[in-house]
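Chemist: coordinates for the following, if possible.
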Amino acid sequence: MSEVTRSVIAPRPETLSGRTVVMSGGSRGIGLAIALELAKHGANIVLLSKTDTPHATLEGTIHTAVEQINAAGGQGLAVVGDVRVDADVQRVVDTAVETFGGIDIVINNASAINLAPTDKLDMKRYDLMADINVRGTFLLSKTALPHLRASQHGHILTLSPPLNLDPKWAGAHLGYTMAKYGMSLTTLGLAEELRGDGIGVNSLWPATLIDTAAIRNLPGGMEMIKGARSAQIVADAALSILASEPASVSGNFFTDEQVLAAGGLNDFSAYAIDPEHELEEDIFLS
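Modeler: Okay, the predicted model is just below:
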């Protein structure tokens, strides 16, 4: 991250009071942590998620997320739907505008992951990643654009990694890498396309493994999270980006550490799940 970028991350969380956020996913994990942090500062949070009923092993639904958002001080709204379906995406945008009068922030959080090598990745799972990660990010951003242009605080934040053409990432899990990099290319392209509109378009990615229910439920997951940080570090970084002046912060591929360091924080130990355990770097950064 350049020194110029460091100088323009100047968050004013009070600017989020009454701002309306549309987020894909967000029923649990990093997305929910971000939603709750923005809610603490008075934002309206409209979630688009399929998780209408409890999962067999993962805690939380879109409805329990909205309850937590309301308890945190924001106004939550659940729109049950699928980011892969055009009509559902249009519906969440229309609902946000009808309920709160506009849209100020879009967070592309929904994502599918499968780290299988090419010959083991069936095309159904490939299509799922491509449709949710790439198409969903493009579609939600595109559909909300007229309202972001009308906002005085328009931001798009996508949870995707820095673009890195080191062959090891494509070689490690080609299908997933293409899907996540497609999200990042959307950031790259929209930041340039919307530069004259004053809309901030950025990506955010954790520097380390993050403790989520999905990780905990993996084989060996309870051991893995000893090297993880809490999702709060990503939430705090997202707040800093989204509470900054949009026109001054755009076209960046931030890590959570970079954003918080720009605000003067250099000791991240409070976020560690097990401070005595060595941290696991994220798969796109190690």
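
Chemist: so where do the strands sit in the stretch 1-150 of the chain?
Modeler: In the stretch 1-150 of the chain, the strands defined using DSSP state E, counting those that start in this stretch lie at 20-24, 44-49, 75-80, 105-108.

Chemist: could you export those strands as a markdown table, including mean neighbour count and mean pLDDT?
Modeler: To be clear about C-beta, it is placed using only N, CA and C from the backbone, and glycine gets the same treatment. Conversion of the strands of the stretch 1-150 of the chain to a markdown table gives the following (neighbours: other Cβ atoms under 10 Å; pLDDT from 0 to 100):
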| stretch | mean neighbour count | mean pLDDT |
| --- | --- | --- |
| strand 20-24 | 27 | 98 |
| strand 44-49 | 28 | 98 |
| strand 75-80 | 20 | 98 |
| strand 105-108 | 28 | 98 |
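
Chemist: from residue 175, how far off is the residue lying farthest from the centre of the chain?
Modeler: Distance from the C-alpha centroid of the chain peaks at residue 119, with 29.3 Å (Cα atoms, centre = their mean). According to Cβ to Cβ, to the nearest Å, residue 119 and residue 175 sit 11 Å apart.

Chemist: likewise for residue 231?
Modeler: For residue 231 relative to residue 175 (Cβ to Cβ), the value is 25 Å.

Chemist: residue ranges with poor pLDDT in the chain?
Modeler: Scanning the chain for pLDDT under 70 picks out the ranges 1-8, 286.

Chemist: mind running it again at 50?
Modeler: 1-7 (pLDDT under 50).

Chemist: now do the helices in it.
Modeler: 3-8, 29-40, 62-72, 86-100, 123-129, 136-150, 167-172, 174-193, 213-216, 221-224, 232-242, 256-262 (DSSP state H).

Chemist: and for the fourth one, what's in contact with it?
Modeler: Applying Cβ atoms under 8 Å, 6 or more residues apart in numbering, the external contacts of helix 86-100 come out as 20, 22, 44, 46, 48, 75, 77, 79, 81-83, 102-103, 136, 139-140, 143-144, 147.

Chemist: could you redo the last one with a cut-off of 10 Å?
Modeler: Counting by Cβ atoms under 10 Å, 6 or more residues apart in numbering, helix 86-100 makes contact with 18-24, 43-50, 75, 77-83, 85, 102-104, 106, 135-136, 139-147, 150, all of which sit outside it.
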